[in-house]
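A.B. asks: Only the shape, not the letters, is given here:
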């Protein structure tokens, strides 16, 4: 009996090679060097529309929240803060 081409060892190897090449060409590139996704409009206020004081207050709020989070995570009592 004659076996179809894709059922022979060469056909299976070719199919595997084609799948591996398609993975490397399409998916692997996206995993190693992902394209940045744009933020939805209106998610962040424009920096140019913020005054210097508002910008500084925003940074200060973020830094203090970050420090408080680490203090909470490490179990530092509030009286030592």
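C.D. replies: Looks like it arrived, so ask away. The shown structure was predicted, so the numbers you read here are calculated from the model rather than taken from an experiment.

A.B. asks: For this protein, which segments count as helices?
C.D. replies: For the chain, the helices defined by DSSP state H cover 9-22, 29-32, 52-73.

A.B. asks: tell me the mean pLDDT for the first one?
C.D. replies: Within the predicted structure, the mean pLDDT of helix 9-22 is 82.

A.B. asks: The second one now?
C.D. replies: Across helix 29-32, pLDDT averages out at 78.

A.B. asks: Next: stretch 62-74.
C.D. replies: The model assigns stretch 62-74 a mean pLDDT of 90.

A.B. asks: same deal with stretch 37-54?
C.D. replies: pLDDT averaged over stretch 37-54 gives 74.

A.B. asks: Quickly note the distance from the residue nearest the centre of the chain to residue 28.
C.D. replies: Per CA atoms, centre = their mean, the C-alpha nearest to the average position across the chain is that of residue 34, at 7.3 Å. Using CB to CB, to the nearest Å, residue 34 is found at 11 Å from residue 28. The way it works is simple: take the backbone N, C-alpha and C, and place the C-beta from them, glycine included.

A.B. asks: ditto for residue 65
C.D. replies: 37 Å.
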